[in-house]
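> A predicted structure for the sequence below; I have some questions about it.
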Amino acid sequence: MKSKKVLIIPILLTAFISLTLLFWTGPGQAAAPEPKGKLTYAPSTGTFSYRKAIDPHTGVGAEQTTINTLLFDSLIAKDPRGREIPAMAESWTIGPNWAYYEFKLRKGIKFHNGDPFTANDAKFSIERAMREDLMFIWGAELRRHVDRVETMGDYQLRVYLKAPYPAFPVRLFNNLMMVPKNYIEKVGDAGFAAKPVGAGPFQIMDFKHDDYVRVKAVRNHYRKTPHVDEVHFKIAEEPATRLAMLKTGEADMIMLNALHIPEVRKDPNLRIIWSQHTYVTTMVFQDLARPNEPSPFHDERVRKAASLAIDRVGICKNVLNDQTEPWGSFLAPYNSGFDPKRKPDPYNPELAKKLLAEAGYPNGFKTTFTTGSGSKMPFDILTAQLNEVGIKAEFVVLEHGVWRKKHTLGELLGSWAPVGRTMPEVVETWKKLNSAEAKDIPKAAKEYEDLLFKKGFRTPLWSVHVPYAVNKRVESYDPVSGLIFPIRFEYIKLRN
């Protein structure tokens, strides 16, 4: 029997709810030391994932996160542990039955052009992000969930909802940035994108599209005066080029390709800083979306055998250069409901063979794994380990755009659409999680994860960490867990 319905897929761990309600006024702002020095950062991809120069409400992906959080600010920020904390909003609450979000805004904040930040700017920013013509990546989601936005005085805002929206704080902190209403109405969308004005810890000096961005520290920023006076964001898409820039001092910090981790570790002048738990790679047994079609994977013992066949520890340590760690949960440590007692399945090929024999496959069977191009999965190792226990696997690698489209449309068995149709309990439990009151979210998240394990159509393999490399000029940097692209550059310290 041949099955063609297994999928290897990553899940962004930050997609799970980590809603935290905090009431915080921030530390008193003592006289801040004068910013010093220049930091050059070389990312792995173009920064201009904007449809209009530098306009956060035209963003199309995660790549613009760093520029967004350098130049702009939002109602909510994140700390290094990935927890949501107050920023331009001092506090926020959720109305009964998810009727609304209400924000108490911080007084005394000014945009880089001197305009004061008020509730009118916050209302304008949210409504602007919802404009269809700007094609903001989260615009459609906002339009589905947000009914209307109302000001309640100069420093209070209420966002009325059409449906529960626990993802709203996540959208705010690095994508839905606050922008100055009066300035944009004066210069227009094109003028704003050409000369962006925000309220972030750095302000624009100049930029060249798809080449570089230069920013300068904002003195006495309400949250923190940056340690570094200037940040130069220099795009270098080739991994070897970035590493060479780091070694020669042309760059002080880079996004590091996993293949170069051993080389950096051997260099006494360089070191690695990790963004922890950005996503979890899982194995999906797509056949379960078609319960009426025969498949070995309908048997729980076969799915368990496939999991036991994979040497997670060996692959993470010897193949993926410690960029990953074996993982037994669908949640990250910063997610509500995370259970540290969940452990990954051990490597046990003998037990895997025994389970296959008990399930009626003493001689194994053939199957096909489907994934998208660009994946860094060690296909040869996985193939060999699965084949060792009798699961004769081959990998079909689709062009990433084709894979993504098929997955989104539900044309690949096991994508969320067919699972929703064939596993309504999963959908209902997800809805319950999304509509839970804040105090009930940890319990609801755990119930949802328990159900994923019970249904058995997905099993975790490893959690992925993203490496940045720095030279000796960088004294310290504490990145935000769960993010691929670095933020909080105001906290980076350089050595004298």
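In hand now; what should we look at?
> what residue ranges in the stretch 351-496 of the chain score low on pLDDT?
Scanning the stretch 351-496 of the chain for pLDDT under 70 picks out 372-376, 400-401, 403-422.
> quick one, helices of it?
379-389, 400-409, 416-422, 424-434, 441-455 (DSSP state H, counting those that start in this stretch).
> Can you check what angle separates the last one from helix 424-434?
Just to be clear, that refers to helix 441-455. 170 degrees (axes from the mean of the first three to the mean of the last three Cα atoms, to 10 degrees).
> name the helices or strands packed onto helix 441-455?
helix 424-434 (3 or more Cβ pairs under 8 Å, 6 or more residues apart in numbering; DSSP states H and E). No exception for glycine: its C-beta is placed from N, CA and C like everyone else's.
> Where do the domain boundaries of the protein fall?
Per automatic domain parsing, the structural domains of the chain span 2-16+276-465, 50-192.
> Quick check: which ranges of the protein have low pLDDT?
1-31, 45-48, 372-376, 400-401, 403-422.
> coming back round to it: with mean neighbour count and distance to residue 200 as extra columns, can I get the helices of the stretch 351-496 of the chain in JSON lines?
Formatted as JSON lines, those follow (neighbours: other Cβ atoms under 10 Å; distance: least, Cβ to Cβ, whole Å):
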{"stretch": "helix 379-389", "mean neighbour count": "17", "distance to residue 200": "41"}
{"stretch": "helix 400-409", "mean neighbour count": "14", "distance to residue 200": "31"}
{"stretch": "helix 416-422", "mean neighbour count": "16", "distance to residue 200": "35"}
{"stretch": "helix 424-434", "mean neighbour count": "15", "distance to residue 200": "30"}
{"stretch": "helix 441-455", "mean neighbour count": "17", "distance to residue 200": "29"}
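> Endpoint to endpoint, stretch 150-157 covers what distance?
End-to-end distance for stretch 150-157: 6 Å, by Cα to Cα, to the nearest Å.
> From the chain's centroid, how far away is that stretch?
Here stretch 150-157 is found 30 Å from its chain centre; the criterion is Cα atoms, centre = their mean, to the nearest Å.
> Quick one: residues in contact with it.
89, 102-107, 118-120, 122-123, 149, 158, 160 (Cβ atoms under 8 Å, 6 or more residues apart in numbering).
> make it 7 Å
For stretch 150-157, the external contacting residues (Cβ atoms under 7 Å, 6 or more residues apart in numbering) are 103, 104, 105, 107, 118, 119, 120, 122, 123, 149, 158.
> Report the contact partners of the fourth one.
Each residue near residue 107 by Cβ under 7 Å, 6+ apart is listed here: residue 155.
> follow-up on the earlier one: give the ChimeraX command for selecting the buried subset of the contacts of stretch 150-157.
In ChimeraX syntax, the buried subset of the contacts of stretch 150-157 is picked out as below (16 or more other Cβ atoms under 10 Å):
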select :103,104,105,118,119,122,123,149,158
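> and the two most separated of the contacts of stretch 150-157?
107 and 149 (19.5 Å; Cβ to Cβ).
> still on that earlier bit, generate JSON lines for the domains of the chain, with distance to residue 266 as supplementary columns.
As requested, those are exported to JSON lines (distance: least, Cβ to Cβ, whole Å):
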{"stretch": "domain 2-16+276-465", "distance to residue 266": "12"}
{"stretch": "domain 50-192", "distance to residue 266": "27"}
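> Quick one: closest of those domains to residue 476.
Comparing the domains of the chain by Cβ to Cβ, domain 50-192 comes nearest, at 11.3 Å.
> In the stretch 201-350 of the chain, what residue spans correspond to strands?
All strands of the stretch 201-350 of the chain, identified by DSSP state E, counting those that start in this stretch, fall at 202-208, 212-217, 230-234, 253-255, 270-285, 324-326.
> Adjacent strands (with direction) for the third one?
The strands beside strand 230-234 in its sheet (DSSP bridges) come out as strand 38-42 (parallel), strand 212-217 (antiparallel).
> Tabulate those strands (JSON lines), appending mean neighbour count.
Output for the strands paired with strand 230-234, formatted as JSON lines (neighbours: other Cβ atoms under 10 Å):
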{"stretch": "strand 38-42", "mean neighbour count": "22"}
{"stretch": "strand 212-217", "mean neighbour count": "20"}
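> of all those strands, which lies closest to residue 326?
Nearest to residue 326, of these and by Cβ to Cβ, is strand 38-42 at 30.8 Å.
> what does that closest one contact?
228-234, 236, 242, 245, 250-254, 492, 494.
> can you rerun that using 8 Å?
Outside strand 38-42, the residues touching it (Cβ under 8 Å, 6+ apart) are 66, 228-236, 241-242, 245-246, 250-255, 473-474, 486, 489, 492, 494.
> quick one on the thing from earlier: could the strands paired with strand 230-234 go into a markdown table alongside distance to residue 442?
Output for those, formatted as a markdown table (distance: least, Cβ to Cβ, whole Å):
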| stretch | distance to residue 442 |
| --- | --- |
| strand 38-42 | 36 |
| strand 212-217 | 38 |
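> how about the strands of the stretch 201-350 of the chain, which one is nearest residue 35?
strand 212-217 (4.0 Å).
> Do you have the helices of the stretch 51-200 of the chain handy? List them.
Using DSSP H, counting those that start in this stretch, helices in the stretch 51-200 of the chain cover 65-71, 119-129, 139-145, 168-174, 181-194.
> thinking again about what came up before, minimum distance to residue 463: which of the strands paired with strand 230-234 has it?
strand 38-42 (24.8 Å).
> and the closest one, how far out from the chain's middle?
With Cα atoms, centre = their mean, you get 23 Å for strand 38-42.
> Ok, stretch 316-325 next?
For stretch 316-325 - counting by Cα atoms, centre = their mean - the centre lies 20 Å from the chain centre.
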